[in-house]
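[1] here is a sequence with its predicted model. Questions after.
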Amino acid sequence: MPELQLPNADASDFRKLADRLQALDIAYYRDAAPQATDAEYDLLRAEYDRLCDAAGIPEAQRYTRSVGDDHVTGFETVVHAQKMLSLEKAATRPEFLPPSGIDESVALVQAEPGWENGSAWGRLRAWAERISESISISVEDLDLVVEPKIDGMSVSLVYEGGRLVRAVTRGDGTRGDVVTAQVVASGAAPVTIAETRKFEVRGELYLPLEAFRELNQKLSSAGEKELANPRNACAGLMKRKDASSLAGTGIRSFLYFIPAGEHQMDLPASQADRLKWLSALGFQIHPDLATCKGIDAAYERCRTFVERRDGLDHEIDGMVVKLDDTSLHAELGSTEHHPRWGIAYKFPPERKPTLLRDISIQVGRTGALTPVAELDPVQLAGTTVSRASLHNRTHLERLDARIGDTVLVQKAGDIIPQVVGVDLSKRPAGLAPFAFPIACPECGSAIENRGRGQDEHGREIELWACINADSCPPQVEGRLEHFGCRKALDIEEMGAIVASALVRKGLVREVTDVFSLELATLGQLNLGTDTEPRTFGEKNAARLLEAARKARTAPFSRWIYSLGIHEVGDSVSKALATCHANFTELATSPLLTKIVERADLEARRKALGARTEQNKLRDEAAKAAGKAEQAQLKEQIQTLDRELSQVPSEVGPSAARSLLEFFRTPRGAKILADLSEIGISPATEQRRPTVGPLSGWVVVITGTLSKPREAFKTMLEEAGAKVTDSVSKKTTALLAGSEAGSKLDKAKTLGVRVLEESELEGLLDGR
């Protein structure tokens, strides 16, 4: 899994981090193939919010779609009567955890500096204080319910006339996939109940651990790949089109919430009593429900429950704390992302001690040198771990991990673990600090410090890399694998093993060499070793070459992304393709040059302002000259802003600078020449218009409309408008369909114009 890195203060880097969060959401919810642990995701989200706070980025402009989207093509989708939101998270940052890796008591946590923002307790306390202020009840007197947080698949069940009439997944929180047949066939929830009046109940579908083990045994016996965890398995099973195959799979459900608006009866006034009511009807509720008085007691329940976690027959990843009085839930309301009356306490990731046998250095696609710990095998979160990431030189030196140390390892993803500490009490005498190499271990070239960045905790790190970008094998292999990945040119069979073999055998020196490969040579490619050869095969080779042929006319945005240019991710590539027709235009883009020029002018203006402020008491003439120059710079910046008004906001100065510099390098120039010689012509994409009836407008779309949302987005963009996800002061108009929800409320509060479909049609027609 790629190492997570945090951005600096550049706006494009904030977007890059938001893209990473979105990619993690898609992998988790839609693909059921998580690329990070919950703890890692929550830490990344918390850092994103912290950095946004520091930069003054409004809530409305931040990435908020971590509710996720589990939609799978082929299923009917329906709109939820009430949005299925996620929960605010309370998790402890790794540096606040003791060596045991378990959260400490309130007294011990509060003895640590910065506990308010760094610990789960601090976040729980802040949540309780916000509630206390809203409902005028002290945090010590809050009546709370604490329930285990099931690591499963969210589902909404609607009952009417005593029967289950509809089961729907979370989807994107607004719309979900109908899985009624799958729930009925699996026996995951009651099909009939005694209550005949209509109501909706929500909860989690899950696969018990024993059923999960049996499923993996069957897969292994059939020679198929085993599944990573019960949640993935449950999600995969429930998205089978053939519902009859789910009988006997063991899928079950825990139900825990009755949303407002759908039920047609008086319900108990407390969360605890509602769960008892559900249990009496035959629904499975969690037996470890607890009521607590005050946030201190709730926290103690949360942090100590981890000891009981291994004794359960299902996976949980934390606890959920809710205000027990449901009559106050509506008063507290919700944000776009989560209800204010509940919060999730997340267990710290499991960590264990083991012996550090050796430290190796890996070289990545960008040339970055990553130290890797070679460990005594240890069982961690269901897998045997023998290697773990040490991230970078700075992290290794900060840990002072030495070969022979006992280190603490925790899981940082479904596959790759990380070393998070050293048990100095067990360090043998005479261990020497690790000597970081002075040359690339792969090609022998010099290494360089590429400046300072930030790690996943926001701390500064040095970024060391091999300077031999052109021919260092791992760098070429990494670029080739990226070139053929699904989000890039989607070249079938071009995985890491094939990419490595092509480079090591000298068949590919640059990514464009893929288009010169021949079937006979490629079919005989040895993917194994000299002693244990494994031939690629003619059929696989034919599939790769056919995919490469199709890639010649892939959309321009995919081609841009495929080159793996620093700072130019998926969203930036798509934005660039809307305002450039081809690589020739992109390589010398006046728009990108102006973006860089504007950033430089803004930096000069700010630096000049600081100097002018320092001089104001000493030299009035210098102050006046400084202000005059500032005014001139401001006027130049405003001129550039007008010229760049139609450039997508995703393209920031870091991306623009990186792209222009790339095409000035010998490698960038060679790629341009190769593409021209080979006759590659990427498919031109929809150009963003420079003029139109809605030029300069910023529009948000919400609610249920007569056409798919993408259709309206296309119409608006063709008319010159920019379509965004969140309502803010910069929003020109909100296109609102039925069930518009919180975005409509926010638009009215901010005085943003609200459009109906008929009004939009009139504007597009010039009426």
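    Yep, that arrived.
[2] which one in the protein is furthest away from the centre?
    The centre of the chain is farthest from one residue, Ala621, which by Cα atoms, centre = their mean lies 52.1 Å away.
[3] for the one helix or strand it maps to, buried residues please.
    Assigned by DSSP states H and E, Ala621 falls within helix 620-643. Buried residues in helix 620-643, counted by 16 or more other Cβ atoms under 10 Å: Lys623, Gly626, Gln630, Leu633, Gln636, Ile637, Leu640. Using the backbone N, CA and C atoms, a C-beta is placed for each residue, glycine as well.
[4] swap in stretch 257-268?
    The neighbour-count check on stretch 257-268 (16+ other Cβ under 10 Å) flags Phe257, Ile258, Pro259, Glu262, His263 as buried.
[5] now do the same for it: mean pLDDT, whole number.
    Averaging pLDDT along stretch 257-268 yields 82.
[6] pull the CA atoms of it into PDB?
    The C-alpha atoms that make up stretch 257-268 are tabulated as PDB, following Å, rounded to 0.1, in the frame of the first residue of the first chain:
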ATOM      1  CA  PHE A 257     -31.200   2.500  15.000                       C
ATOM      2  CA  ILE A 258     -34.700   3.500  14.100                       C
ATOM      3  CA  PRO A 259     -34.600   6.700  12.000                       C
ATOM      4  CA  ALA A 260     -37.300   9.400  12.300                       C
ATOM      5  CA  GLY A 261     -39.900   9.800   9.700                       C
ATOM      6  CA  GLU A 262     -40.700   6.300   8.500                       C
ATOM      7  CA  HIS A 263     -42.300   4.700  11.600                       C
ATOM      8  CA  GLN A 264     -46.100   4.800  12.200                       C
ATOM      9  CA  MET A 265     -46.200   4.100  15.900                       C
ATOM     10  CA  ASP A 266     -45.100   5.600  19.200                       C
ATOM     11  CA  LEU A 267     -41.700   4.400  20.100                       C
ATOM     12  CA  PRO A 268     -39.800   4.300  23.500                       C
END
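[7] check the offset of it from the chain's centre.
    33 Å (Cα atoms, centre = their mean, to the nearest Å).
[8] residues contacting it, please?
    Stretch 257-268 is contacted by residues 81-82, 158, 195, 197-203, 274, 276-278, 326, 329-330 when judged by Cβ atoms under 8 Å, 6 or more residues apart in numbering.
[9] now list the buried members of these.
    Buried by 16+ other Cβ under 10 Å: Val158, Glu195, Phe199, Glu200, Val201, Arg202, Gly203, Arg274, Trp277, Leu278, Thr326, His329, out of those.
[10] what sits against the second one?
    Contact analysis of Glu195 by Cβ under 8 Å, 6+ apart lists Tyr159, Gly162, Met265, Leu281.
[11] widest-spaced pair of these?
    Distances among the contacts of Glu195 were taken as Cβ to Cβ; the most separated pair is Gly162 and Met265, at 12.8 Å.
[12] one step back: I'd like the buried residues of stretch 257-268 as a markdown table, with distance to Pro353 and secondary structure appended.
    Shown next, in a markdown table, are these (distance: Cβ to Cβ, whole Å; DSSP: H, G, I helix; E, B strand; the rest coil):
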| residue | distance to Pro353 | secondary structure |
| --- | --- | --- |
| Phe257 | 39 | strand |
| Ile258 | 45 | coil |
| Pro259 | 45 | coil |
| Glu262 | 50 | coil |
| His263 | 51 | coil |
